[in-house]
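J.: Whatever this is, show me its structure:
(chains A and B)
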Amino acid sequence: MGSGTSTQHHFAFQNAEKAFKAAVLIQRWYRRYMARLEMRRHCTWSIFQSIEYAGQQDQVKLHNFFSYLVDHFTPNNHNERDFLNRMFTEERSPQDSEMENCRDYESIEVPDSYTGPRLSFPLLPDHATALVEAFRVKQRLHARYVLNLLYEARKHLVQLPNINRVSTCYSEEITVCGDLHGQLDDLIFIFYKNGLPSPERAYVFNGDFVDRGKDSVEILMVLFAFMLVYPKEFHLNRGNHEDHMVNLRYGFTKEVMHKYKTHGKKILKLLQDVFCWLPLATLVDEKVLILHGGVSDMTDLEFLAKLDRHKIVSTMRCKTRKEDKKQAEEKGKANQTSSAGTPSPWFLPQSHSLPTSPLCPSTQKAHRAGRSSSVPCRVPLDPKELSHWVRHSVDLELEKCRQQAGFPEIKEKEEPLPLASEADPEAEGRREPTQEEWRQVVDILWSDPMAQEGCKANTIRGGGCYFGPNVTERLLQKYNLQFLIRSHECKPEGYEFCHSRKVLTIFSASNYYEVGSNRGAYVKLGPALSPHIVQFQANKATHTLTMRQRISRVGESALRALREKLFAHSSDLLVEFKKRDKDKTALPSSQLYHNQEKQ
Amino acid sequence: MADDRDREGTEIAVAEFHKKIKDAFEVFDHESNNTVDVREIGTIIRSLGCCPSEGELHDLIAEVEEEEPTGYIRFEKFLPVMTEVLLERRYRPIPEDTLHRAFEVLDPAKRGFLSKEELIKHMTGEGEPFSQEEMEEMLSAAIDPESNSIHYKDYITMMVIDEN
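T.: Modelled structure (predicted):
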């Protein structure tokens, strides 16, 4: 009776307790499993990012080095000067008379056998849509139409201001997309999911349309086509990859030459010019500033609005107007007295400190000079001593590079770097940007936000800076803006807010590092410009993969990439590891790799 | 003599643990200022080989938090506590057969599987319940779509291989 029921209850309670405990056990175990996956994902991400940025930094360092050489080589006679000119003459951006030559696309014949899309100008919306469809089924646009389209695009871009002002009173919605990097699938997906551009559906594409992916050409064609069809609603910003020098290294140049064997060079020439004419930023309703990289504590929107953006051919090479020696000396003195070290070129002895920027205006001039790639005049000017310094420092740096994983061989470069010529400075002055102009543009195309306050040089990428929340706040207040939209950095979710939601990073190339590595995203600005994020992942297969499978795929890929890099430096690494691993124990963990990469 | 060896052994162990803890901590130290968001502590602790329950995790967090919680955990506070945990071998991972027996408790008829509904009921209704996200993630990997059930022996084997 009584005892019977209580035994039953006791029994039932025991069972329930057992089930409870069993559940806790399983949950405990499962959560640990997921945590390990999460940790792996973070390490994998770091590996990919380190490799990516190391490549960029490498290129910038090399450019700075060559720039320095060219700037400081004093030819002994006019023969040497001629030689130098011939060796380093870069074909400068075409002048208008040369542009006329590009019209000779009209002489290019399109064979009857050509089954790809044919364009006629002025373009109609149907043409643009047809182009998307043609590319979706893997057709290729004939070189004649490519050139024609680029030529028309250039004509349009030339009329645009540096900072494009856009109003949402005409179109109902405005969608901002980030980096695409040649991934046509993502662009098609965005148009599919969000709708094609139209007078009611405005778009802003925030740079980095090309490089890395395999369909950069097609992406450009689509973007330019819609820009011509809907000039008031379709806007493009320049990214740091809209730059012929960066393209040399990151795949776009190769893609063009491969797809257009006969006319590739002509196309690249025209593209070089078109890129310089892309606007630097877009301002929506005077409230939301959209630009590719970021800002610095020196960013001056009025200055940016007034400069001749066409003069900034590449953010790699700063061939600025020659200042006379006196000015340079003054700068040198100012550098010596300015607070917190100024960044001198990496190959000179005093280059290892990370400078923080003095925010006070009195040191502005010195600071500005310091943050450029020109050299302060503390360096001995005697040529023999100079070459000794340089050689020694280069050796030091090369040694450092050899000891690190992740720096690609310099031999990889197939083409010699074209450098600006040592021509008549007067003529140069008209066509080259000033130091300040160049710096301002580099800052907005290359900078990244950071969590800490302040503003410091972006040594990871080699250009631009890291800007903190106070820099953002000051800028927003100064120009009465609501927030900043930028791209430039891959994010696992395709987007990321920072600086108390005042900065939004939007990245539209999904699976950027590897299938399953990250989502892409775009942002729609609604009433009162409130942001609404939409995420996607273009590859259908990834939807069905579990997180475990995604991470293991990405992890494998990262390790493979890392393995390749390490193999290239294996003998040097062995030396390095032996130094650190006195007990000669087992293989290093992924953490050790991670730390090596960080260095 | 034996004591000396013991002490030396412990010192080496401590040094190794310090390195491991530092490495794991750094992965989440996004601002490079020796702090991590408190919400990442669970991941860090688990990646170091420990398998605490949520309750045990909360206790640990209470130990490493500031007097007035800031939402961030400082490395200086985390290191000694975590070292102690590792030295004492607290929250050891669960052996495969224990895990299997746990599933069997939930499957009293010993069929060798749990239906999707049963799994959901137990995981979200009992113990330290899963969030919807956790439940969905587990289902996506565990459930055999044809039978709509989880054959737990195979599931465990698969997960364990994956871990190693």
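J.: Give me the contact list for stretch A:208-220.
T.: A:135, A:141, A:146, A:178-184, A:187, A:223, A:236, A:239-242, A:246-247, A:250-252, A:255-256, A:259-260, A:271, A:292, A:487-488, A:509 (Cβ atoms under 8 Å, 6 or more residues apart in numbering or on different chains). Glycine gets a C-beta too; all of them are placed from N, C-alpha and C.
J.: How far does it stretch from one end to the other?
T.: Terminal residues of stretch A:208-220 are spaced 10 Å apart (Cα to Cα, to the nearest Å).
J.: Ok, stretch A:436-455 next?
T.: End-to-end for stretch A:436-455, by Cα to Cα: 17 Å.
J.: can you check stretch B:142-161 too?
T.: 14 Å.
J.: SS state for residue A:522?
T.: strand (DSSP: H, G, I helix; E, B strand; the rest coil).
J.: ditto for residue A:20
T.: Going by three-state DSSP: residue A:20 is helix.
J.: How far does the helix ranked longest in chain B sit from its chain's centre?
T.: Longest helix of chain B, by residue count under DSSP state H: helix B:2-27. In terms of Cα atoms, centre = their mean, to the nearest Å, the centre of helix B:2-27 is set 21 Å apart from its chain centre.
J.: show me the contacts for residue 150.
T.: If you meant another chain, say so; for now it's chain A. By Cβ under 8 Å, 6+ apart, the neighbours of residue A:150 are A:224, A:267, A:270-271, A:274.
J.: that's the wrong chain, I meant chain B
T.: Contacts of residue B:150 by Cβ under 8 Å, 6+ apart are B:113-114, B:116, B:119, B:142-144.
J.: same question, residue A:128
T.: A:197, A:222, A:225-226, A:228-229.
J.: The closest residue to it other than its chain neighbours: which element?
T.: Nearest residue to residue A:128, sequence neighbours excluded (Cβ to Cβ, 6 or more residues apart in numbering or on different chains): residue A:225, at 4.2 Å. Here residue A:225 sits within helix A:216-229, counting by DSSP states H and E.
J.: same question, residue A:176
T.: Applying DSSP H and E, one finds residue A:176 within strand A:173-177.
J.: Give me the buried stretch members for that strand, please.
T.: A:173-177 (16 or more other Cβ atoms under 10 Å in any protein chain shown).
J.: Downstream of it, the next helix or strand is which one?
T.: helix A:184-194.
J.: Close to chain B: what parts of the stretch 1-150 of chain A are there?
T.: Counting by Cβ under 8 Å from any Cβ of the partner chain, the residues of the stretch 1-150 of chain A close to chain B are A:18-36, A:38-39, A:42-43, A:46.
J.: hmm, which of those are the buried ones?
T.: A:19, A:22-36, A:38-39, A:42-43, A:46.
J.: Show me those residues that map onto helices.
T.: Those of these lying in helices (DSSP H): A:19, A:22-36, A:38-39, A:42-43, A:46.
J.: what's near enough to touch residue A:246?
T.: Residue A:246 neighbours (Cβ under 8 Å, 6+ apart): A:59, A:211, A:240, A:314-316.
J.: quick one: contacts of the helix or strand bottoming out on mean pLDDT in chain B?
T.: The weakest-scoring helix or strand in chain B, judged by mean pLDDT, DSSP states H and E, is helix B:152-163 (a mean of 82). Contact with helix B:152-163 is made by A:33, A:36, A:548, A:552, B:96, B:99-100, B:103, B:107, B:112-114, B:141-142, as judged by Cβ under 8 Å, 6+ apart.
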